[in-house]
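In: Sequence unavailable; structure follows:
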C-alpha cells in the first residue's frame, strides 16, 4: 500500500486506540481462566488477531464483536492439549514470547510459526532456561519447537532484555504446584511492561508481588474469569499527538492519566523536543523511538541514548529511521547505544520506505505532514493501528491511499 501525504495541519479530536500491550495480557489470562471472560475496548489489529488464533489453537472458545470492540472468551483453565499444537504468531513478538512462556511452564508441546523477521528476533532467555532444564527448544527453518515442562524455582533473568520473556513466565508459573520467583538482573529496562503484567494478573485473581527486582509467585493458584475493559494506548497516541508540535491542534481522548504504561512519558519528551536540542534516554520506551526521531528532525534535533534495543524490533528501527531521514536532508550519527539527529528537514525527492514496521510508517507519516511525500509499504500500520490513516484524515491531514501498491 502506498500513501501520499500533502502538507497539512492536524486539527480535531481522536480517541486513543486500545492498548495492544494490555489487550494481549487480558486475553491470555482469560484463556487460562476457567469459564467466561469478556474483554472490552479491543482493536482488531494483526497482533491481536495472532493472539486470538493461538488461544483457539490451545482450546479456548473465542468470539468477537467488532462493532462493540469486544471479545468473549471461554477459557481452558490452563488445560494442556494432548497433541502437538501449531501456533501461528504472524509478526507478533509479544504473541510468540508470551505463548512460549506458557508452553514451557505448562508442558505444552508446541511449534511456533511466524514471519522470517520474527523468527530472527532473540529468544536467548528461553533458550538458556530450556538448556539448563533439558527441555527441547529447537529452531527450525520455518518454526521454533518447544517440548517439556519447567520446574518451579528461581529464575534469574537479565533485566535489559525484552520484558516479554518475564511476562511469558509470569502467565504460567502461578499454575505450577510449588512457589517460584523471578530475579531481574540489573540494569532493568521496560519495568513498566512488567507492572502492566502484574496489574493484569491481579485482575484475574492471581497473587503475585514484586519487591525491587524480585517477583514472588506462589504456586498452586488458579485464575478467575473477569469482565474488564482495556485502557487507551499511550504508545499509539503519541503519533497523532505529535501533530501538536507541528502546528496542529489535536486532542486525544480515552487515556488513563493514572496509567502504568511507561510510554506515557512521551508527553514529557515532546516538551523537551519542543524547547530545544534535547538529550533523551529511550531505554525504557523503545517503541517511542521512531516518532521522537521524526520530531527531532522536524524541530531542534536531539541526542538519544538507550537505542540498542531498537535493533530487535520489527525492523532495525534506528537504522531504518536514519536511512529515511537522510532522504529528507537530515544528517544523523548512529552508534551502538546512541543516535543523534540533526534538524533541517527538507521535502524528500523520492518515496520513503516503511520497512514493514508499523511505527516507522506512522512516524514518517507525521513527518510528511510538514513536507509532503509518499510512503511505500504503508500497510504495516495494520499490525497495531489499523485505522491510523482514517484518523489522520479525520484530523484534516490530506492524503491519498493506493491500495494496489503492495511493497
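Out: Perfect, thanks for sending it. This structure is a prediction, so every number in the text was calculated from the model and none was measured.
In: Might one say that residue 233 is in contact with residue 15?
Out: No: between residue 233 and residue 15 there is no contact, the gap being 10.5 Å when judged by C-beta atoms under 8 Å. In short, each C-beta sits where N, CA and C put it, glycine included.
In: Which residue of those two possesses the greater neighbour count?
Out: Ranked by neighbour count (other C-beta atoms under 10 Å), residue 233 and residue 15 place residue 233 first, with 25 against 16.
In: ok, that one - contacts?
Out: 16-22, 261 (C-beta atoms under 8 Å, 6 or more residues apart in numbering).
In: Can you tell me the SS state at residue 145?
Out: Residue 145 carries the three-state label strand when classified by DSSP: H, G, I helix; E, B strand; the rest coil.
In: any idea of the pLDDT on it?
Out: What the model reports as pLDDT for residue 145 is 97.
In: residues contacting the closest residue to residue 330 other than its chain neighbours?
Out: Leaving out its chain neighbours, the residue that sits closest to residue 330 by C-beta to C-beta, 6 or more residues apart in numbering is residue 297, at 4.6 Å. Neighbouring residues of residue 297 by C-beta under 8 Å, 6+ apart: 325, 328, 330, 341-345, 367.
In: Closest to residue 81 out of the residues you listed?
Out: Nearest to residue 81 out of these is residue 367 (C-beta to C-beta; 46.6 Å).
In: The closest one: neighbour count?
Out: The burial count for residue 367: 29, using other C-beta under 10 Å.
In: contacting residues for it?
Out: By C-beta under 8 Å, 6+ apart, residue 367 lies in contact with 294, 297-298, 328, 345.
In: Who wins on neighbours among those residues?
Out: residue 294 (30 neighbours).
In: Go ahead and confirm it touches residue 317.
Out: No: Residue 294 is beyond contact range of residue 317, at 11.4 Å (criterion: C-beta under 8 Å).
In: buried set for the helix or strand containing residue 25?
Out: Per DSSP states H and E: residue 25 is located in helix 20-32. Neighbour-count burial for helix 20-32 flags 20-32 (criterion: 16 or more other C-beta atoms under 10 Å).
In: So which of these is the closest to residue 309?
Out: residue 21 (15.6 Å).
In: Assess the claim that that closest one and residue 195 are in contact.
Out: No: applying C-beta under 8 Å, one finds residue 21 not in contact with residue 195, separated by 10.9 Å.
In: what's the neighbour count on residue 103?
Out: So residue 103, with other C-beta under 10 Å, has 29 neighbours.
In: from what I can see it touches residue 144, true?
Out: No: the criterion here is C-beta under 8 Å, and residue 103 misses it with residue 144 at 10.1 Å.
In: which neighbours do these two share?
Out: Counting by C-beta under 8 Å, 6+ apart, nothing touches both residue 103 and residue 144.
In: how does the chain divide up, domain by domain?
Out: 2-17+232-402, 20-229 (automatic domain parsing).
In: got the end-to-end distance for the last one?
Out: Across its full length, domain 20-229 reaches 12 Å between end residues, using C-alpha to C-alpha, to the nearest Å.
In: quick one: buried residues of the least confident helix or strand in the chain by mean pLDDT?
Out: Taking mean pLDDT, DSSP states H and E as the measure, the helix or strand of the chain with the lowest value is helix 116-120, at a mean of 91. Neighbour counts over helix 116-120 (16+ other C-beta under 10 Å) mark 118-119 as buried.
In: who's in contact with residue 234?
Out: Contacts of residue 234 (C-beta under 8 Å, 6+ apart): 16, 19, 255, 259, 261, 263-264, 266.
In: can you give me the helices in this structure?
Out: For the chain, the helices defined by DSSP state H cover 20-32, 46-57, 93-106, 116-120, 124-132, 164-172, 191-203, 234-241, 266-275, 289-298, 317-326, 358-371, 388-394.
In: returning to that earlier point: could you dump the buried residues of helix 20-32 to JSON lines with pLDDT?
Out: Shown next, in JSON lines, are the buried residues of helix 20-32 (pLDDT from 0 to 100):
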{"residue": "20", "pLDDT": "95"}
{"residue": "21", "pLDDT": "96"}
{"residue": "22", "pLDDT": "97"}
{"residue": "23", "pLDDT": "98"}
{"residue": "24", "pLDDT": "98"}
{"residue": "25", "pLDDT": "98"}
{"residue": "26", "pLDDT": "98"}
{"residue": "27", "pLDDT": "98"}
{"residue": "28", "pLDDT": "98"}
{"residue": "29", "pLDDT": "98"}
{"residue": "30", "pLDDT": "98"}
{"residue": "31", "pLDDT": "98"}
{"residue": "32", "pLDDT": "98"}
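In: What distance do you get for residue 384 to residue 175?
Out: For residue 384, the distance to residue 175 equals 29 Å [C-beta to C-beta, to the nearest Å].
In: now do residue 48
Out: Distance from residue 48 to residue 175, by C-beta to C-beta: 23 Å.
In: Residue 39 now?
Out: Distance, residue 39 to residue 175, by C-beta to C-beta: 20 Å.
In: Also residue 302?
Out: According to C-beta to C-beta, residue 302 and residue 175 sit 45 Å apart.
In: Would you confirm that residue 247 contacts residue 7?
Out: No: between residue 247 and residue 7 there is no contact under C-beta under 8 Å: 10.4 Å.
In: what do the two both touch?
Out: Residues touching both residue 247 and residue 7 (C-beta under 8 Å, 6+ apart): there are none.
In: how about the nearest residue to residue 182, chain neighbours excluded?
Out: Using C-beta to C-beta, 6+ apart and skipping residues adjacent in sequence, the residue nearest residue 182 is residue 215, 4.3 Å away.
In: Identify the bridge partners of that neighbour.
Out: Using DSSP bridges, the bridge partners assigned to residue 215 are residue 182, residue 210.
In: Neighbours of it, how many?
Out: Residue 215 has 23 nearby residues by other C-beta under 10 Å.
In: For it, give me its contacts.
Out: 166, 170, 181-184, 194, 198, 208-209.
In: Could you report the separation of the closest residue in space to residue 146 that isn't next to it in sequence from residue 196?
Out: Nearest non-adjacent residue to residue 146, counting by C-beta to C-beta, 6+ apart: residue 103, 4.9 Å away. Distance of residue 103 to residue 196, given as C-beta to C-beta: 21 Å.
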